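Visitor: the following block contains a protein sequence and its predicted model.
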4 protein chains.
Amino acid sequence: MKAAIIGGTGYGSIELIRLINKHPYLEVGTVVSNSQAGNKFSDTYPHISEIIEQPLEKFEPNQLADKNDVVFLATPSGVSSRMVPELIDKGIKCIDLSGDFRLRSVEEYETWYKHSPADEGYLKKAVYGLSEIYPEKIKTANLIANPGCYPTATTLGLIPILKTNLGDYDSIIIDAKSGVSGAGRGLSLTNHYAEINENLKAYKLGAHQHIPEIEQVLTDEAGNPITVSFTTHLVPMTRGIMCSIYIKLKEKVTTEDVHQIYDEFYKNKPFVRVRPIGKVPSTKEVWGSNYCDIGLHVDPRTNRLTVISVIDNLVKGAAGQAIQNANIMNGWDEQAGLQDIPMYP
Amino acid sequence: MKAAIIGGTGYGSIELIRLINKHPYLEVGTVVSNSQAGNKFSDTYPHISEIIEQPLEKFEPNQLADKNDVVFLATPSGVSSRMVPELIDKGIKCIDLSGDFRLRSVEEYETWYKHSPADEGYLKKAVYGLSEIYPEKIKTANLIANPGCYPTATTLGLIPILKTNLGDYDSIIIDAKSGVSGAGRGLSLTNHYAEINENLKAYKLGAHQHIPEIEQVLTDEAGNPITVSFTTHLVPMTRGIMCSIYIKLKEKVTTEDVHQIYDEFYKNKPFVRVRPIGKVPSTKEVWGSNYCDIGLHVDPRTNRLTVISVIDNLVKGAAGQAIQNANIMNGWDEQAGLQDIPMYP
Amino acid sequence: MKAAIIGGTGYGSIELIRLINKHPYLEVGTVVSNSQAGNKFSDTYPHISEIIEQPLEKFEPNQLADKNDVVFLATPSGVSSRMVPELIDKGIKCIDLSGDFRLRSVEEYETWYKHSPADEGYLKKAVYGLSEIYPEKIKTANLIANPGCYPTATTLGLIPILKTNLGDYDSIIIDAKSGVSGAGRGLSLTNHYAEINENLKAYKLGAHQHIPEIEQVLTDEAGNPITVSFTTHLVPMTRGIMCSIYIKLKEKVTTEDVHQIYDEFYKNKPFVRVRPIGKVPSTKEVWGSNYCDIGLHVDPRTNRLTVISVIDNLVKGAAGQAIQNANIMNGWDEQAGLQDIPMYP
Amino acid sequence: MKAAIIGGTGYGSIELIRLINKHPYLEVGTVVSNSQAGNKFSDTYPHISEIIEQPLEKFEPNQLADKNDVVFLATPSGVSSRMVPELIDKGIKCIDLSGDFRLRSVEEYETWYKHSPADEGYLKKAVYGLSEIYPEKIKTANLIANPGCYPTATTLGLIPILKTNLGDYDSIIIDAKSGVSGAGRGLSLTNHYAEINENLKAYKLGAHQHIPEIEQVLTDEAGNPITVSFTTHLVPMTRGIMCSIYIKLKEKVTTEDVHQIYDEFYKNKPFVRVRPIGKVPSTKEVWGSNYCDIGLHVDPRTNRLTVISVIDNLVKGAAGQAIQNANIMNGWDEQAGLQDIPMYP
């Protein structure tokens, strides 16, 4: 099957290329970059020289639908909302890595993204692609709103405890840390090497556009309205997200109890690895892979649960989960093309 | 005045050397390293070649007291508790950078440090050297228990709000992040470059020995018993600590209100810089300096205050605050020798 | 086919595990670590949890030969020289990633490695596994001396020009730079994060044990005795080697001329990518892959050729080339299991 | 004395601010940034908050000359050539950190910089500010062309051996490595964190604009025309330059012989530290300081001298040497304001 990629020369695109190139059932189809059309992708990214040598193309919906079986959109916010309707209407399945189709509420989108959302009719067709939680809906979807990187790490870390009703819904604090690639390849002082190296920054306090996405999923899963405190930090590394999540427990439970809940919840989910009691994951342990690793600790002094949830923001937080969703949509093994061991060291 | 340094060839020692070397009233006196006695310090640290060329010496309390006016101890936990009594009894003032004299409770020390504390009589003589909070006691002290790096950033970030009674004492969560130098120069897989670079680790969940120190200070200042959730993370950088602190507010207050409280509290404290509303500090902005920079944000959605507090762990979190305390003890300008602009970039 | 790995818990071993795990014809067999026997490999490396869960075993040559089809040795210098004879004599093919079988001259080994070499009879059986240059010998070998990381990047960068007789054999200077993983996982101040981060070191000037290996290969290929100046530098990154190679040209030739020579030389070698004129490779462009990328520039002002040759030291400089050699020995596609796109960013 | 700084908000400016702020005889005067005039410098660089709070100003030559005693220009290439004449004519001394006044030859400037040079009359007034080599001329200069970072490390590393006539002038190869801050604060993919971190790049092979500057100085000092091979590399670190320099020796001499030559040459030069035989410097050993540290090794196998020369590119390679020149011009101690121990770790 041919997979088209729309998204110019950003990190989402190049990571999709890497993963599709080693996928057993997918191959790289049309690669769209309006600004670089005619050039080869390897002009921008010499590391794919002699491997992927096709030219970049302009966005032509008809050709795209004719020549490809699925389309991955790794475009900036506000772009795929305009492209997806045309493509969907031609009958081609779309997996959108941007935030354009993730929020059901038009108002929330406007509030947090500061521009117009996608057409509401198409918003309703979109299935939120958190692969471990919504596999049944994903199977039959034509349009996947692929989750954001922070929401993936956060919601996978919180849903099992929320399902138990042991946690105090008003007490959730998420202290999130990300590597620099999450902000993309566009130039900015916040990704200038000399400003970031040997530096740790907090940013967008209480204002990150992933907040409503997180709250939408947690509210759905808890069956109760949930508002979170969410703070993001920029860490001097390229890949990796860690969410350190704090939730007050309503009853006295032990780390063992909580560990059993998570173990049970994720027992058939190959990409979520719940670490043994006493161990917490580090971001490098999932580097380059589709894993979400989770560590758990209940502090008996405060009766608070700490969840440490890590992913590679470009894989499970973007391109990898997109492929996982494509696998589920096509009835393939969920792990197809995603089974490599993380890169370490 | 001559300043002796006990602490072998660790990072605490070398940072003291750097700061004393540019201090207007202090000069480097005896430098003690039992293991390297006879060698020059510049054999271990070539960057001080042709600047500090004296030999390292064995620990000789009599000579030390004769030839020096103040002693800085930058020794591992459990060492200064044995050395300090001898020195204090000879009438020389001591500033201890280790944890040995920080906890008033013998039981707490044993619980968290897993070995015997200092003699209780000497514990009582020690003044906790959080310079901005206890200057009066420091002025007349003979023995300073210099605060730990995490406790410095945390307590300076929390005390102003605790003093107001606006915060919910049971809701405090400290998500702390540190560079690698905090763990010292000893060899371990947790400071092996290939294990730490491009990696973010959480460690010692609910078990860090700085927890009782933080709780002791906060309890004193709040006038109420305080228990905190405290989680530490290792960030791929050499210097810097950031504590992201979360506390629920009991009344509706704004960022402006809180900002005014902090501004007022620290108005005569040159080393604490409260950032303007809307700005949060990053660790590099205090790199190499004695500043503690603080950013504040009240999230109206959750009525929770987030405090971002940053220091250089080797300066305000260790050697710099020790010098600041020496300045206060000697009646000098608190800023003497500590006025340099942080290194940036 | 089952592949045994001897080499404890070093970076060579874990990289072999990663590559064998995705190889179409190989699977991980016995993994030997005398010090950690009985434990699981994932206790040391949590990133392979739930993927490779077998226990580590003691070195038992009989069992090893019975249960496996090929043995990879990723042991420190001086270890495989003792293990290989036993294994070879049992008829199992060995690929040794250490330096023990690389030098034909017993005296050279003693001079540079400062201990006893392997038995000379076995030295003679060893084939030097520089895959692009010696494929015919590798095909029929029972014992491969897998090249060192620096020699791989250097010799691939120099052989085409040496074959032409255009270069002045006495003028070769190799300025080599390596990431930290090349020194392995053992603890040392030279891989302590705070000593290496934001630092660049030169080391072992004129004394690196890879010098005789480089000279042996270059001398063979040039048909003339070659002595090189070789300087190594430690770069603050985990993976990657760059060799900047300088050679005086005896005649006036252009970059175009030289480019054509290299292009021709490597035209059927899928893992060597000669970059277009005007482009030079960076180490990240081969990160995690088996590529050796080469850039060329003739400076008309000095009539000197500069070759920039980059590899991933753990892949083409160690485990990847070992797999490539196993592929050649078994008559498989040389690229089997090694075709992934490099990780970028 | 008041020191004006022209150079907007670049790294040269902010490093000058840092050094002037701790200088015993200089204080920060006018700071010029046409684009940010009216704003405070601390808006751009929060690390100087509460220390330097004056507004940035537009370039007004009359006011500048009236209110200041010396002007430092840290402007991009092509800017100071237009500003300096006005200033010099008003009788104020100028120290230019750009390349505009470094090359005596108008043709060379045009060839390498690709735009028009400064007026030739003013070029003739400029003294090349390599402080250790030209102190007498600097003393009486009105206009200093402050050397480039690479030329400083290279020429200090080579001049002593060139003076002896032991080296083969045609054999000089300089393999230069720099941290990222050398390229300034302007945005570019070559300083994007995710492109540079965990990466090592070679760039501008045989085309770096510092080549003619190096050759001009070396030719002057050798008394013989010198052409060099010069290759630059970008290292994933913020500060630091290392030049690894290779030169063939015409006679058999030992490391000891060469060491003595360098030791003698630099015996009264406090900022050049010649390392003991067997030791080579690393960049972090001069981090934040004005030192140039030099290591020496003669390889008896090739009779080639390797010189390892390191500086902090922003200090000895820019702002620090500018201050050193101001000290010499004013008859102050050459080390005034520059005596701090390097930052380590």
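Guide: Happy to help now that I have it.

Visitor: hmm, stretch A:288-295 in reach of chain D?
Guide: No: Stretch A:288-295 lies out of reach of chain D by CB under 8 Å from any CB of the partner chain, never closer than 12.3 Å. (Glycine included, C-beta is placed from N, CA and C.)

Visitor: got the end-to-end distance for that stretch?
Guide: 19 Å (CA to CA, to the nearest Å).

Visitor: got the buried residues for it?
Guide: Buried residues in stretch A:288-295, defined by neighbour count with 16 or more other CB atoms under 10 Å in any protein chain shown: A:288-295.

Visitor: do the same with stretch A:217-231
Guide: Using 16+ other CB under 10 Å as the test for burial, stretch A:217-231 gives A:217-218, A:220-222, A:226-231.

Visitor: for the stretch 201-345 of chain A, what lies in contact range of chain C?
Guide: Checking the stretch 201-345 of chain A against chain C by CB under 8 Å from any CB, the hits are A:238-239, A:270, A:273, A:275, A:279, A:281, A:284-289, A:293, A:339-345.

Visitor: which parts of the stretch 1-150 of chain A are strands?
Guide: For the stretch 1-150 of chain A, the strands defined by DSSP state E, counting those that start in this stretch cover A:2-6, A:27-32, A:70-73, A:93-96, A:126-128, A:143-145.

Visitor: just tell me which of those strands ends up closest to residue C:254.
Guide: Set against residue C:254 and scored by CB to CB, those come closest in strand A:27-32, at 34.7 Å.

Visitor: in a helix, residue A:152, correct?
Guide: Yes: counting by DSSP: H, G, I helix; E, B strand; the rest coil, one finds residue A:152 located in a helix.

Visitor: nearest residue to it other than its sequence neighbours?
Guide: Once flanking residues are discounted, residue A:152 sits nearest to residue A:317: 5.3 Å by CB to CB, 6 or more residues apart in numbering or on different chains.

Visitor: and the one you found, how many neighbours?
Guide: For residue A:317, the count of nearby residues is 28 (other CB atoms under 10 Å in any protein chain shown).

Visitor: wait, what's in contact with it?
Guide: A:147-150, A:152-153, A:182, A:241, A:311 (CB atoms under 8 Å, 6 or more residues apart in numbering or on different chains).

Visitor: ok, back up a step: got TSV for the strands of the stretch 1-150 of chain A, with mean pLDDT, mean neighbour count and distance to chain C too?
Guide: What follows is the strands of the stretch 1-150 of chain A, written out as TSV (pLDDT from 0 to 100; neighbours: other CB atoms under 10 Å in any protein chain shown; distance: least, CB to the nearest CB, whole Å):
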stretch	mean pLDDT	mean neighbour count	distance to chain C
strand A:2-6	98	24	14
strand A:27-32	97	21	10
strand A:70-73	98	28	16
strand A:93-96	98	25	20
strand A:126-128	98	22	26
strand A:143-145	98	27	24
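
Visitor: up against chain C, what does the stretch 1-150 of chain A have?
Guide: A:11, A:14, A:17-18, A:21-22, A:45-52.

Visitor: now do 10 Å
Guide: A:11, A:14-15, A:17-22, A:43, A:45-52 (CB under 10 Å from any CB of the partner chain).

Visitor: is the helix or strand encompassing residue A:245 anywhere near chain B?
Guide: Assigning secondary structure by DSSP states H and E places residue A:245 in strand A:241-248. Yes: Strand A:241-248 lies within reach of chain B by CB under 10 Å from any CB, at A:241-242, A:244, A:246, A:248.
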